[in-house]
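Undergrad: Quick one: sequence and predicted model below, then my questions.
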Amino acid sequence: MTTTSRTSFEESTKGGWALGIEIFAAVILMTLGTFQAFEGLSAVLKDNVYVAGIDYVWAFDLTTWGWIHLTVGVIAVITGIGLAFGQGWARVFGIIIAVLSAVLNFMFIPYYPIWSLVVIAFDIAAVWALSTALRHD
């Protein structure tokens, strides 16, 4: 694809939508990453913040969950920053991180159900936005 046709795509309505959706995905990932990092930090620093419910197969110590959420959150923020700067690797990696975050929050439902479901909903929105941005590229 030549530079001229790339510039005309970016200036078109379709290109504007693609850019807007990609920025939306970047902001969602940075926000979700920040939330995940704070969720993890609170579990690491003071794990009695969360209520331990029914034991499940994937039950971990809350400190372990804290480190998992903190790590995924930091990676999501870095990926969101990469998306904001238009890095190609960040699109696919963002989908992977959003799906991983959704799965982790599903597994975390026994400890914080409402919050986990809210994060899962935003993860799905991020996957939609990133896959839409990929399709328009």
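TA: That came in fine, so what should we check first? Treat the numbers as computed from the prediction; the structure is a model and nothing was measured. Residues are numbered from 1 along each chain as shown.
Undergrad: For the rest of this, base every contact and every neighbour count on C-alpha atoms.
TA: Noted.
Undergrad: ok, which stretches of this protein are helices?
TA: With DSSP state H as the criterion, the chain has helices at 3-11, 13-45, 62-84, 88-107, 113-136.
Undergrad: Return the helix or strand in the protein with minimum mean pLDDT.
TA: helix 3-11 (a mean of 54; mean pLDDT, DSSP states H and E).
Undergrad: Residue 125 - how many residues pack around it?
TA: Residues lying near residue 125 (other Cα atoms under 10 Å) number 17.
Undergrad: show me the contacts for residue 79.
TA: 26, 29, 30, 90, 93, 94 (Cα atoms under 8 Å, 6 or more residues apart in numbering).
Undergrad: hmm, back to that, which stretch in the helices of the chain is the model least sure about?
TA: Among those, helix 3-11 carries the lowest mean pLDDT, a mean of 54.
Undergrad: on that earlier part again, tell me the one of the contacts of residue 79 nearest residue 38?
TA: residue 30 (12.3 Å; Cα to Cα).
Undergrad: The closest one and residue 78, how far apart?
TA: 8 Å (Cα to Cα, to the nearest Å).
Undergrad: These two: which is more packed in?
TA: residue 30 (24 against 18).
Undergrad: Could you measure from the more buried one over to residue 96?
TA: Applying Cα to Cα, the value for residue 30 to residue 96 is 14 Å.
Undergrad: just residue 60 next, same as before
TA: 22 Å.
Undergrad: Repeat that for residue 61.
TA: Residue 61 is 25 Å from residue 96, by Cα to Cα.
Undergrad: and what of residue 79?
TA: Going from residue 79 to residue 96 by Cα to Cα gives 10 Å.
Undergrad: Ok, residue 123 next?
TA: In this view, residue 123 and residue 96 are 10 Å apart by Cα to Cα.
Undergrad: One more: residue 29?
TA: 11 Å.
Undergrad: Those two: which has the busier surroundings?
TA: Ranked by neighbour count (other Cα under 10 Å), residue 29 and residue 96 place residue 29 first, with 31 against 14.
Undergrad: check contacts around the closest residue to the more buried one other than its chain neighbours.
TA: Distances taken as Cα to Cα, 6 or more residues apart in numbering put residue 80 closest to residue 29, at 5.0 Å, once the chain neighbours are dropped. Going by Cα under 8 Å, 6+ apart, residue 80 touches 25, 26, 27, 28, 29, 30, 90, 94.
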